[in-house]
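Asks: No letters, just coordinates:
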């Protein structure tokens, strides 16, 4: 009983001292609560479908940010990991009859191997050259998909996969909880020592190497981690849609993830996640205006990026929070002095 | 002032939210969801066909469902399936759960239709596929009837029959060439766009051309959007081909026809050229597409039965163009749905399906009868062949698209000849005759 009391007090203290002091953290908390409690207010299958797909794509977008945002390895072919995850999961489910809880992690491991296969030849490339090379990989895999239709289903893809769970509500909770967990893990990685090295590689790889850090290993690690998380999203997608088709590897899929990440703000993890939860439902909302739906969507993105070039969420965060010039701790924008070191926040 | 503007914006946003969030009003109407790529010609065909059907049915007072007379109400859903399969599935879920449609017509891209089919089956809604030709959609019905029985193919007949029809038309033209040019064997060149869907057709053609007593002289694969195909045309000319089997779905169909016409290549063009199915082909090729032949569904002046002309002419009058096959949403709604619902006296899918399975009915494109597979299982696929659906072979002759096949076509030895009303004889281009006739 005293243990429960201890943890309750600890949670309360953390909430009071660490979460409630910053509007950004409060917003994240509200987001967690909203997605977890949404079915209490509406269980519309259509709404839940949009939220399930938003959760899946949020993982996908955050995984791109981990690789391209944090490490600076500009990947324009991220659909490769998504597609490999989706196809591997589908193959394991259809031929080995593995249930989703087994096929999805194994599909993600296949995406990790793909990450290695792509990462090794790309190690010597940077910037535009790397971007263009990565763009080619999903197209190569798409060629393989069409070359062996007996295995991959060709243009039809692989259909008839098992359902993720028995009901839409459980699909929702599964994908939302996986999304919250996976994105929290990615955020934790980005803020760990490994994340600092990822940052440093993006800023100045030579300096990192001069510090005795094996950048090759870290870059490969970034490819594998990003591949793993994108593979999970691909696997979830395949089981939810009950089909893994060539569209999962299309160039448009690779570019969509870049749009989401840039819209939300790269090098944040939460930015791409938030962007997906705004843009994906927005596209659905615009169905009342079918002729101009895509145009209106594009205009929204252009306007945001025109006035908020760093992305929507970093812009909003900078409006409501300020960084202490001395200790670099973030404070609510209304404070005059830092909450930790009491330095003036002007 | 700023506060007023802000208030106005909030009110506008709330109005939009309400408009989009409100489900369709429940009324005495049959709600038909029309789903397709609405920003593309295929989706426009879906919508135009359904619109024409709804106007016609409602103009006659509606559908007699038991003791009630119900009007047709259409719900449009843009599937955006060429660009985004996920979007297509969302659109399908939305029209079923939010707009609460009674049944759905449409769909085009096979991958998207497979995913949409699953959603419609989850909700046990009748879904009439009006675009995708792949047999798998109907094979699913036979394999798992309990789940997939709500799916029916509306148009076109499946791709295996499509290929078969192409070869029959090729053999017909081959016989005419042999007779007209006095050649012992017809040499065939295949010119097909670089696209995945074409590959199985080429493989099939490689096997069938020798079986038809013709000689295959080469295969050329220009890009779908090529703006210059003179190298391919020169190579075809060099190969001595008498016939070019074309498989084009994109703009290369115009380029190839125009340049081959300009160079007066001594070979006839037969096969599929989607651009040549359109009314604007003559102008697009500046008249150089003369004598090009392609498969098609409808052609002004050609009648498969007494229903064809009223539909085609009505469509042209209403929309200013000849209908494409996706406009067969009209066919299903007018000739398929209404009589079945009136017979069943209900919209209950479980009662409608057995009636739809057993019905045989005339449509503007031919007679529809749903097939069974070799094991006698329901496929809900369209029967192809004499007396049923056959499609047409059309040729451009001096600025006009005319029907040339089926014209005295015998499906088998001893079978009766089939000729649709309005057919004219196939014409061999004069420069081809000049090049080969001794």
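Replies: Cool, the structure landed. Values in this document were obtained by computation on a predicted structure and should not be read as measured data.
Asks: Quick one: neighbours of the residue in the stretch 151-300 of chain B positioned nearest to chain A, just the number.
Replies: For the stretch 151-300 of chain B and chain A, the shortest gap (Cβ to the nearest Cβ) falls at residue B:196, measuring 5.3 Å. Bear in mind the C-beta positions are built from the backbone N, C-alpha and C, glycine included. When neighbours are counted by other Cβ atoms under 10 Å in any protein chain shown, residue B:196 registers 14.
Asks: Please apply the same query to residue A:346.
Replies: Using other Cβ under 10 Å, the number of residues around residue A:346 comes to 7.
Asks: Would you mind naming what in the stretch 101-250 of chain B lies close to chain A?
Replies: B:110, B:111, B:112, B:114, B:115, B:118, B:134, B:136, B:196, B:197, B:199 (Cβ under 8 Å from any Cβ of the partner chain).
Asks: how far is the helix or strand where the fifth one lies from where the chain is centred?
Replies: Spelled out, that is residue B:115. If you go by DSSP states H and E, residue B:115 is part of helix B:110-122. Centre-to-centre, helix B:110-122 and its host chain are 19 Å apart (Cα atoms, centre = their mean, to the nearest Å).
Asks: What of stretch B:309-328?
Replies: 13 Å.
Asks: what residues does it touch?
Replies: B:36, B:41-43, B:45-46, B:48-49, B:52, B:106, B:108, B:130-131, B:154-156, B:277-279, B:297-300, B:303, B:330-331, B:363-365, B:401 (Cβ atoms under 8 Å, 6 or more residues apart in numbering or on different chains).
Asks: do the same with stretch A:191-210
Replies: So stretch A:191-210 is contacted by A:66, A:70-72, A:189-190, A:213, A:215, A:218-219, A:221-222, A:267 (Cβ under 8 Å, 6+ apart).
Asks: Tell me which two of the residues of the stretch 101-250 of chain B next to chain A sit farthest apart.
Replies: Spanning the widest gap among those are B:118 and B:199, at 26.2 Å by Cβ to Cβ.
Asks: neighbour count winner among those two?
Replies: residue B:118 (23 against 18).
Asks: Do I have it right that that one meets residue A:163?
Replies: No - between residue B:118 and residue A:163 there is no contact under Cβ atoms under 8 Å: 9.8 Å.
Asks: Which neighbours do those two have in common?
Replies: Shared contacts of residue B:118 and residue A:163 (Cβ under 8 Å, 6+ apart): residue A:242.
Asks: and residue B:56, how many neighbours does it have?
Replies: Using other Cβ under 10 Å, residue B:56 is surrounded by 17 other residues.
Asks: scratch that, residue B:67
Replies: Neighbours of residue B:67 (other Cβ under 10 Å): 6.
Asks: what about the residue most central in space within chain A, which SS state?
Replies: Per Cα atoms, centre = their mean, the C-alpha nearest to the average position across chain A is that of residue A:62, at 1.9 Å. Following DSSP: H, G, I helix; E, B strand; the rest coil, residue A:62 is assigned to helix.
Asks: ok, residue B:212 - contacts?
Replies: Counting by Cβ under 8 Å, 6+ apart, the residues that residue B:212 touches are B:167, B:170, B:171, B:174.
Asks: Leaving out chain neighbours, which residue sits closest to the last one?
Replies: Think residue B:174. Here the nearest residue to residue B:174 in space, its sequence neighbours aside, is residue B:186; by Cβ to Cβ, 6 or more residues apart in numbering or on different chains that works out to 4.5 Å.
Asks: Quick check: the gap between the one you found and residue B:214.
Replies: Applying Cβ to Cβ, to the nearest Å, the value for residue B:186 to residue B:214 is 5 Å.
Asks: Also residue A:188?
Replies: Per Cβ to Cβ, residue A:188 is found 68 Å from residue B:214.
Asks: Kindly report the same for residue B:371.
Replies: 30 Å.
Asks: Give me the more crowded residue out of the two.
Replies: Set side by side, residue B:371 and residue B:214 show more neighbours around residue B:214, with 21 against 18, by other Cβ under 10 Å.
Asks: Quick check: the more buried one touching residue B:183?
Replies: No - assessed by Cβ under 8 Å, residue B:214 is found out of contact with residue B:183, at 10.6 Å.
Asks: Out of the residues of the stretch 101-250 of chain B next to chain A, which is nearest to chain A?
Replies: Nearest to chain A, judged by Cβ to the nearest Cβ, of these is residue B:111 at 4.2 Å.
Asks: In three-state terms, how would residue B:34 be classified?
Replies: Residue B:34 ends up strand, using three-state DSSP.
Asks: ugh, wrong one, residue B:369
Replies: Three-state call for residue B:369 (three-state DSSP): strand.
Asks: And for it, the neighbour number?
Replies: When neighbours are counted by other Cβ under 10 Å, residue B:369 comes out with 16.
Asks: Repeat that for residue A:330.
Replies: Neighbour count for residue A:330, taken as other Cβ under 10 Å: 19.
Asks: what does residue B:379 give?
Replies: Neighbours of residue B:379 using other Cβ under 10 Å come to 23.
Asks: Just the ones in strands from the contacts of stretch B:309-328, please.
Replies: Counting by DSSP state E, the contacts of stretch B:309-328 place B:36, B:106, B:130, B:154, B:155, B:363, B:401 in strands.
Asks: who touches the last one in this structure?
Replies: Listed by Cβ under 8 Å, 6+ apart, the contact set of residue B:401 reads B:279, B:281, B:296, B:299, B:300, B:322, B:394, B:395.
Asks: ditto for residue B:46
Replies: B:34, B:35, B:36, B:38, B:105, B:106, B:108, B:130, B:131, B:326, B:327, B:329.
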